[in-house]
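[1] need a structure here:
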Amino acid sequence: MLNALTANREADICLASTLMHGWQYIDFWNPRTNTPVLALEYLFGSRGVLIGRLMKLEAMYGVGKSSFMYYVYGCAQQSMNAWCYHAETEAAPAPTDFIASFGVRPEDLMIQQPKSVEALLEQIDKIICTIRGGFGGEMGETGRMKKTTYTSPLDKDKESPIVMGVDSVSALGLDDLVDIDVTDATKRGEIAKHARLLSGFLQNRILRFKETQTLIMLAAQLKSNIQVTHMAGQKAETTIADKPIGYHATYILHMTGVKYVDQATGSNVGDKITLKTTKNKVSDKDHEVTMYLIRNHGFDLTHTDMDFMVSHPASPFADGEVKRYNGGVICKPLSDKKFTSEDEFLQALYANTDYLMSLREKLRVRGFRFAFEAAYVPPEDVEEQPANVMETNQSGVLGA
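    As a prediction, the model looks like this:
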């Protein structure tokens, strides 16, 4: 049956046993040490962000939604030379050096300031079609379909993924309001129209994101949900188009932040941002990690990783196996000698492939074909299938 269906190319269909064979991830990366980030692998439950999916970032203003988007662009450029597009809707684009501090190559990141929801959605379609080619055609002015004009795609064979971010959906206007000469402040725009437009777009495009290997990141600002009383299960906070975005999202990251004070100097050097996966269709949800955003220097992922390994309840290290000591790190399972710095420890840890993979397996990190991922084995292949096979690079140092 499967052969007959796929021969006609009428359905995107496969066997459940081969479902994950085509999955590709944007690996998490520490640009300071050129190593992975175990803390983020735990947060997402996978080696990176799955391509072809939708991610929602929700937080109050000034909590780091933009910063995390920039970080993902950097990871995508580093590991997969991705096509990256950032829609800045708040009319406040960040300085180039700020963007670069997250490991981004600014010369390979397109930034645009769309003024309305309609303009944004149209531009997303145009960019995907320009890179991948057309999908049949478009509606002409007469209401009739005409052939596609996207006949010379830049990357038809999908050698590189597409990563697109919208910062944020909360700041987008509507076509029938943004172009009027004088606004009437006594009237409010149709907030529900945002939800309807996004809902219809996602219904029609979510499978296209998968087909074109496009990751979409949508940032949204949290606000109080005035419709909530005290009913069980109701959210006290919400965002514009909360339900349609949440319905289609593979990941929802809830972010909160506090000031980060350097203990040695007593000065405020940035923000401690806590990320929690309130939805994750790839692994377990409700994982939580704290990241350190240093002013003008991007994320301190070394500190993020070390805090996770030393003090997080989910750390894969047994109690006392790794600890900070006078500016250095002691980890007996890795070396009898003290590591003189946290960076030196992380370099040694990520270079020790066997030990690193054992930690990842404890955390049930997907993407490395561990035994738990290959729990299903066809009866005729039981004796032939090794328990731990991985065709991709197992080295801890990225680019190795």
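[2] quick one: the helices in the stretch 1-150 of the chain?
    Remark: helices assigned in the stretch 1-150 of the chain by DSSP state H, counting those that start in this stretch are 2-7, 38-44, 65-80, 96-100, 117-132.
[3] In the fourth one, which residues are buried?
    This points to helix 96-100. By neighbour count with 16 or more other C-beta atoms under 10 Å, helix 96-100 contains the buried residues Phe98, Ile99, Ala100. Yep, even glycine has a C-beta here, placed from its N, CA and C like the rest.
[4] How about the second one?
    Of the residues in helix 38-44, those with enough neighbours to count as buried (16+ other C-beta under 10 Å) are Leu38, Ala39, Leu40, Glu41, Tyr42, Leu43, Phe44.
[5] Who are the packing partners of that helix?
    Judged by 3 or more C-beta pairs under 8 Å, 6 or more residues apart in numbering; DSSP states H and E, the packing partners of helix 38-44 are strand 268-280, strand 288-294, helix 301-311, helix 353-363.
[6] With distance to Lys158 and mean pLDDT added, can I get those in JSON lines?
    Formatted as JSON lines, the helices and strands packed on helix 38-44 follow (distance: least, C-beta to C-beta, whole Å; pLDDT from 0 to 100):
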{"stretch": "strand 268-280", "distance to Lys158": "25", "mean pLDDT": "97"}
{"stretch": "strand 288-294", "distance to Lys158": "30", "mean pLDDT": "97"}
{"stretch": "helix 301-311", "distance to Lys158": "29", "mean pLDDT": "96"}
{"stretch": "helix 353-363", "distance to Lys158": "27", "mean pLDDT": "97"}
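[7] would JSON lines of the ones you listed with distance to Ala4 and mean neighbour count be doable?
    Listed next are the helices and strands packed on helix 38-44 as JSON lines, based on distance: least, C-beta to C-beta, whole Å; neighbours: other C-beta atoms under 10 Å:
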{"stretch": "strand 268-280", "distance to Ala4": "35", "mean neighbour count": "18"}
{"stretch": "strand 288-294", "distance to Ala4": "46", "mean neighbour count": "21"}
{"stretch": "helix 301-311", "distance to Ala4": "49", "mean neighbour count": "21"}
{"stretch": "helix 353-363", "distance to Ala4": "39", "mean neighbour count": "16"}
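[8] Which one of these lies nearest to Arg105?
    Arg105 lies closest, by C-beta to C-beta, to one member of those: helix 301-311, at 17.7 Å.
[9] other SSEs contacting the closest one?
    Here helix 301-311 touches helix 38-44, strand 288-294, strand 322-325, helix 342-351, going by 3+ C-beta pairs under 8 Å, 6+ apart.
[10] how does it look with 6 Å?
    If you count contacts as 3 or more C-beta pairs under 6 Å, 6 or more residues apart in numbering; DSSP states H and E, helix 301-311 packs onto helix 38-44, strand 288-294, helix 342-351.
[11] Using a markdown table, please lay out the ones you listed together with distance to Arg369.
    As requested, those are exported to a markdown table (distance: least, C-beta to C-beta, whole Å):
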| stretch | distance to Arg369 |
| --- | --- |
| helix 38-44 | 15 |
| strand 288-294 | 24 |
| helix 342-351 | 19 |
